[in-house]
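Engineer: what shape does this take:
(chains A, B, C, D, E and F)
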6 protein chains.
Amino acid sequence: MADTALVVSAHSADFVWRAGGAIALHAAHGWQVTVLCLSYGERGESAKLWRQPGMTLERVKAEREREARAAAAVLGVHDIQFWDLGDYPIALSRDSLFRLVDVFRAVQPRFVLTHSKEDPYNHDHPAVTDFTQNARITAQAHGHNPGQTVLGAPPVYLFEPHQPEQCNWRPDMLLDITPVWERKRAAIECMAGQEHLWEYYTRVALQRGAQAARNSEKPVKWGEGFQSVFPHVVETLG
Amino acid sequence: MADTALVVSAHSADFVWRAGGAIALHAAHGWQVTVLCLSYGERGESAKLWRQPGMTLERVKAEREREARAAAAVLGVHDIQFWDLGDYPIALSRDSLFRLVDVFRAVQPRFVLTHSKEDPYNHDHPAVTDFTQNARITAQAHGHNPGQTVLGAPPVYLFEPHQPEQCNWRPDMLLDITPVWERKRAAIECMAGQEHLWEYYTRVALQRGAQAARNSEKPVKWGEGFQSVFPHVVETLG
Amino acid sequence: MADTALVVSAHSADFVWRAGGAIALHAAHGWQVTVLCLSYGERGESAKLWRQPGMTLERVKAEREREARAAAAVLGVHDIQFWDLGDYPIALSRDSLFRLVDVFRAVQPRFVLTHSKEDPYNHDHPAVTDFTQNARITAQAHGHNPGQTVLGAPPVYLFEPHQPEQCNWRPDMLLDITPVWERKRAAIECMAGQEHLWEYYTRVALQRGAQAARNSEKPVKWGEGFQSVFPHVVETLG
Amino acid sequence: MADTALVVSAHSADFVWRAGGAIALHAAHGWQVTVLCLSYGERGESAKLWRQPGMTLERVKAEREREARAAAAVLGVHDIQFWDLGDYPIALSRDSLFRLVDVFRAVQPRFVLTHSKEDPYNHDHPAVTDFTQNARITAQAHGHNPGQTVLGAPPVYLFEPHQPEQCNWRPDMLLDITPVWERKRAAIECMAGQEHLWEYYTRVALQRGAQAARNSEKPVKWGEGFQSVFPHVVETLG
Amino acid sequence: MADTALVVSAHSADFVWRAGGAIALHAAHGWQVTVLCLSYGERGESAKLWRQPGMTLERVKAEREREARAAAAVLGVHDIQFWDLGDYPIALSRDSLFRLVDVFRAVQPRFVLTHSKEDPYNHDHPAVTDFTQNARITAQAHGHNPGQTVLGAPPVYLFEPHQPEQCNWRPDMLLDITPVWERKRAAIECMAGQEHLWEYYTRVALQRGAQAARNSEKPVKWGEGFQSVFPHVVETLG
Amino acid sequence: MADTALVVSAHSADFVWRAGGAIALHAAHGWQVTVLCLSYGERGESAKLWRQPGMTLERVKAEREREARAAAAVLGVHDIQFWDLGDYPIALSRDSLFRLVDVFRAVQPRFVLTHSKEDPYNHDHPAVTDFTQNARITAQAHGHNPGQTVLGAPPVYLFEPHQPEQCNWRPDMLLDITPVWERKRAAIECMAGQEHLWEYYTRVALQRGAQAARNSEKPVKWGEGFQSVFPHVVETLG
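Structural biologist: Next up, the predicted model:
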């Protein structure tokens, strides 16, 4: 059976900028990666679309979904879901929580990716992180839908926010995404509505790559940073 | 050529309580582990010996060295050195710094273990950590003894202090030392002068083991915790 | 067109103690300052009124509004609004959020003042700060009421809580309010229901003034402290 | 009139592991200790029960209540209440808040015990802490049920979470529970459903005891750690 | 035998502003309080004296000593020592360290007062705190001057710096100094060379007093704040 | 008389990467900027030079000085000084401290730029920051060389380290260096020995520029980030 991972993305483009390399890398190694887009970012992250005359909420959502599906295909995502919960602010109900619990149990991810714990520029991102943590814990509860296989203890890694220092986000893992950089860049270019971010996140990847090289003496060129929520359980320090 | 690791211990027993499992585990896998005891802890960590009538500083040091050598043998240490720099407070000179730089370059460790960054109960521990970081950086400098092979970028892991929360120490790595627990316990029992700590650090190992199990779903019984100084550079998140 | 500022105050007296100087100063320079009192503090910050025999909630609210209006007049507030959302605890609904978004867009403030991020003595204060940040971000979303002018990126400054160290609040801006101190004191004296705080906040102003003088060599006598949420974008460091 | 204390426990066993010593100690000195179990931990902390064939939610709750009542009796709890608010996640409504306010005012506790402010392993614990703080503050409001005696300013102490460093919990009080350790152990043994925790929390008590001895030179053997929310008001530093 | 306390003051006036109330209070209860003035603050904290024509370093020191002795007499200090180590920057040698160790052992203080751990406005203050901690630990070492009575584990409390938030200093103890306020004020008035600080620290005492009242419901008027370095070991939480 | 600024650079290239924009910008506005290169970075930051056959320490220093002088000329530096204190590790004596005090008093800078407070990759940087703060405070002391004009209270801004999150460095000021970017780039290109950093710091400038635009709605393209040590004293919040 394939290894699995779960990515919980507040808006439909977040998984591309922030975890596209990790997704492509694991997909390339045969992992099945599930991506949940809890909203389309249709209100708060679609300025370019809204500047078009006659734009409607439904058309924005449709366009955002189209872009995200295209990017997911490039990255090799196994399953992408659009929950359409609304954005700015996102609405995270108890029903959605249990739906996420179901996904946790069905996917049984070996690791989870989501947003930073703080973000003064974005109210949805930390809300989704808290929601994801809540669902992960509920999925571990034996008394929730007894009889189902409960969730183990998959690590949770927080991907990079737009202005990392302002979010008190500090990467403790630098992932070498050099082997899949071209795919990440291709996925980024699917995001026609946010073209102003293409070069920004290309530079982020180069900076994290240079830092990875500095921290390891390995010839890393492109990188992604992640912050761990839980301690790593290891069998060697080497 | 064997993999290598370097342990920098302020006093001659610290490496046993705090890193004995890591040392034994890597030694068992063929690593060559070098342990530097910068002092004997002869003034500040030998209360039981000092209670013996007629005790002298030289006898304390000799006894402490004897105990530490016995523990090192049990753990499979490749090389143990006693630098006799004095304790409470330790004296860390520029000459000692360059001596440590020489060791870094000669050993070329794949990882380094030393103390926590803060410790309100122990002035020598953080001083040694700062000193070790300083030496590591100097060992990376191409202009220091040009022609020598410079040091790469080995990760530094900080081992557990006596009262972890008071030192703002938080483990982000939990090492499963179950396979070598018996050796660590045997090494601990070499420390006749600090018998009051035997059970304390046995319980620490059980707690860290239980936490490792909780964080991984693996059947870990005995553990050691470490705090990373630098981000981990990785090729997979799985 | 006049410059504008927005003050979001959990209870109807907060803006006086914590930002009265900033309000008076900018008003004196021709700014239009809008103050939102989300509640009257009628339950939790009106002990003296409640000690009067036969007091009712409506009378407390009326008295608190009267005091706040008087203080606002002294300070030169352009617009003061009473939203009557209840206090201890305050009730911050989705409808109120969108109402605050409307104010953000109508006022287009050049800066925003609100409470500290933490306060173990007051549950409403941090709730209002989070709510204000949420509204500010929503007001920036092009898809919220498309066609309206969206909000820019006004800085948010957090004013001083009652016990600053316990709230992890640290001022990074010290505002010289010497030119308007008399007005702030007059506004403070409108708060008949909380006379025990008059001298307390007078001393706060003197301490912040002395600190401002110490940090600048300028002859500041009276000051107010603020903590910035976002980095300052500047064209000079001088 | 007896001194009183209030313990707010998210799940029905928390008060035993985390505060059993404090409860027994004060009960032994004649204090009346009220324990609120906001839920039974029936879904998330009853894995062993759920492994029994034919188990139902009601039977789990009944068993958990039975265990908690037995432990409370051993510890000398004055009043134990089961609020049955559900767990994983707990549901904390406005009605429950006011119910807790009523308890605060009826009990007038001289101190309050509850959970840590953060816990990445448990979503209910920090939620209950925030809820308790909110209720405490509301209980101080003169306008809430005017005429009732309002609450003073009882200190709040946060008891030890399962993995303290990961929760950024740091004890600033170490309570000597040696005189009542046998009772705490007996109460722990009432928790038949979580036998895997018996030795874990016995070791916690030994470690905190050893640390208390180290910090005081007193012959403490068993301890409990607490983190203060508010500064201590004292009449001497001795 | 009398209870004892030790105050380590970087400059000869610090003990007055920052701990005068604690000193007077304990002296009034029969404690023997030893105050060490490691320097006179002759270079950095004597601006007013240096403005007098023909002033010399020796005259500044003499005047500062005279003032400090007068204040100490008012406060009831048992022993005040002037170590004349120089200021701005202070010079803290190994010899001075051992001299301080000797004092620790001779005095056997039940608590220790010294400066905050950080202070961006004052380089000597944190240096003295680090030095004091180092000496305290050395005084606990059985191998230092074997045969002497070693030091126990007296708590260390950090007194209030000039701009507390900028020093990351947070009081966790608020001492009621109302009974001795008049003495503290009288001692303050001995400091003729720093008259600009009299009212500043009078206001500090009022603010800390008001906060103590708020945290305790006790009628505290004047207070001093302290930050604990170590956890408190207690026999009751009441 | 011209406005003045002081930049304290641990190694001879730091001022270019980290503050070249600020220097060029203020120079362009007529400021006189003094740059102190406390060492050449000859041992630790000259790897490329050391790879040349027959390289000597003196030749490295000469080459580094030549590069730094060229960059300083491009930026419009008023005075650049090379103190040759050695690097990796830098040696910061009492004599050097007083020499820096003399510079502070002679220059009377309106602001000071230096390194971050922490840097696990570089031992010299935080040492220089601490040294600079110490000198700044000593320069304020009236008793140091009485009769000289003492230093006021110039703000200190910490420039960006190589891996900002790992240094706990967070920018609270984003300076728009767009008008002088070409000069900064030209100065960067003077650093022939560290060509691998040219693009890295070009990307840093673009990221900080994009963040400045995001935080201000201004069309900033190139930026530099700084962290303030002291609170800003201001006369308006607008």
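
Engineer: and residue A:113, which of the three is it?
Structural biologist: strand (DSSP: H, G, I helix; E, B strand; the rest coil).

Engineer: beta partners of it?
Structural biologist: Note on residue A:113: beta-bridge partners by DSSP bridges are residue A:7, residue A:157.

Engineer: thought it was touching residue A:7?
Structural biologist: Yes. Assessed by Cβ atoms under 8 Å, residue A:113 is found in contact with residue A:7 at 4.5 Å. Quick note: C-beta positions are derived from backbone N, CA and C, even for glycine.

Engineer: anything in contact with each of those two?
Structural biologist: Here residue A:113 and residue A:7 have A:15, A:19 as joint contacts, going by Cβ atoms under 8 Å, 6 or more residues apart in numbering or on different chains.

Engineer: which parts of chain A are helices?
Structural biologist: Shown for chain A, the helices assigned by DSSP state H span residues A:14-28, A:47-50, A:57-75, A:94-107, A:124-139, A:181-188, A:198-216.

Engineer: just the angle between the fifth one and helix A:94-107, please?
Structural biologist: I take that to be helix A:124-139. 60 degrees (axes from the mean of the first three to the mean of the last three Cα atoms, to 10 degrees).

Engineer: helix A:124-139 vs chain F: in contact?
Structural biologist: No. Using Cβ under 8 Å from any Cβ of the partner chain, helix A:124-139 never reaches chain F; the gap is at least 14.9 Å.

Engineer: ditto for the first one
Structural biologist: No. Judged by Cβ under 8 Å from any Cβ, helix A:14-28 makes no contact with chain F; its nearest approach is 13.2 Å.

Engineer: list the buried ones in that helix?
Structural biologist: Buried residues in helix A:14-28, counting neighbours by 16 or more other Cβ atoms under 10 Å in any protein chain shown, are found at A:14-27.

Engineer: restrict these to those near chain B?
Structural biologist: A:22, A:25-26.

Engineer: which of the residues you listed sits closest to chain D?
Structural biologist: Here the nearest of those to chain D, counting by Cβ to the nearest Cβ, is residue A:22; it sits at 20.6 Å.

Engineer: that closest one contacts residue A:175, correct?
Structural biologist: Yes. If you go by Cβ under 8 Å, residue A:22 and residue A:175 touch, sitting 5.7 Å apart.

Engineer: which neighbours do the two share?
Structural biologist: A:224, A:226, B:237.

Engineer: which among the residues you listed end up buried?
Structural biologist: A:224, A:226, B:237.

Engineer: gap between the helix or strand of chain A with the lowest mean pLDDT and the chain center?
Structural biologist: Lowest by mean pLDDT, DSSP states H and E among the helices and strands of chain A is helix A:47-50, with a mean of 95. Here helix A:47-50 is found 22 Å from its chain centre; the criterion is Cα atoms, centre = their mean, to the nearest Å.

Engineer: what does stretch A:20-38 give?
Structural biologist: Relative to its chain's centre, stretch A:20-38 lies at 9 Å (Cα atoms, centre = their mean).

Engineer: average pLDDT for it, rounded please.
Structural biologist: For stretch A:20-38, the mean pLDDT works out to 98.

Engineer: quick one, phi/psi of the closest residue to chain D within chain A?
Structural biologist: Across chain A, the shortest distance to chain D (Cβ to the nearest Cβ) belongs to residue A:143, at 3.2 Å. Taking degrees, to the nearest 10, you get phi -90, psi 0 for the backbone angles of residue A:143.

Engineer: wait, it touches residue D:60, no?
Structural biologist: Yes. Assessed by Cβ under 8 Å, residue A:143 is found in contact with residue D:60 at 6.4 Å.

Engineer: which neighbours do the two share?
Structural biologist: D:42, D:46, D:50.

Engineer: quick check, nearest of those residues to residue A:106?
Structural biologist: Taking Cβ to Cβ as the measure, residue A:106 lies nearest residue D:50 of those, at 19.6 Å.

Engineer: isn't that closest one up against residue D:63?
Structural biologist: No. Checked against Cβ under 8 Å, the pair residue D:50 and residue D:63 is beyond contact range at 10.7 Å.

Engineer: follow-up on the earlier one: now distance to residue A:36 too, for the ones next to chain B among the buried residues of helix A:14-28, in CSV please.
Structural biologist: As requested, those are exported to CSV (distance: Cβ to Cβ, whole Å):
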residue, distance to residue A:36
A:22, 15
A:25, 19
A:26, 16
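
Engineer: closest one of the residues you listed to residue B:183?
Structural biologist: Among those, and counting by Cβ to Cβ, the member closest to residue B:183 is residue A:26, at 36.8 Å.

Engineer: against chain E, how distant is the closest one?
Structural biologist: Separation of residue A:26 from chain E (Cβ to the nearest Cβ, to the nearest Å): 41 Å.

Engineer: that residue contacts residue A:224, correct?
Structural biologist: No. Taking Cβ under 8 Å as the definition, residue A:26 is not a contact partner of residue A:224, at 11.7 Å.

Engineer: up against chain C, what does chain A have?
Structural biologist: Residues of chain A lying near chain C (Cβ under 8 Å from any Cβ): A:42-44, A:46-47, A:50-51, A:55, A:57, A:60, A:87-89, A:120-123, A:166.

Engineer: can you list the weak-confidence ranges in chain A?
Structural biologist: Along chain A, no part satisfies pLDDT under 70.

Engineer: what about the residue nearest to the residue of chain A closest to chain D when sequence neighbours are not counted, how many residues close to it?
Structural biologist: Nearest residue to residue A:143 in three dimensions, chain neighbours excluded: residue D:43, at 3.2 Å (Cβ to Cβ, 6 or more residues apart in numbering or on different chains). A total of 25 residues lie near residue D:43 under the criterion other Cβ atoms under 10 Å in any protein chain shown.

Engineer: residues in contact with residue D:43?
Structural biologist: By Cβ under 8 Å, 6+ apart, the neighbours of residue D:43 are A:138, A:141-144, D:57, D:86-88.

Engineer: closest to chain C out of those residues?
Structural biologist: Nearest member of those to chain C, counting by Cβ to the nearest Cβ, is residue D:86, at 20.9 Å.

Engineer: neighbours around the closest one, how many?
Structural biologist: 16.

Engineer: wait, what's in contact with it?
Structural biologist: D:39, D:43 are the contacts of residue D:86 under Cβ under 8 Å, 6+ apart.

Engineer: please report the distance of it from residue D:93.
Structural biologist: Counting by Cβ to Cβ, to the nearest Å, the gap from residue D:86 to residue D:93 is 11 Å.

Engineer: before we move on, what about residue A:172?
Structural biologist: Relative to residue D:93, and taking Cβ to Cβ, residue A:172 is found at 38 Å.
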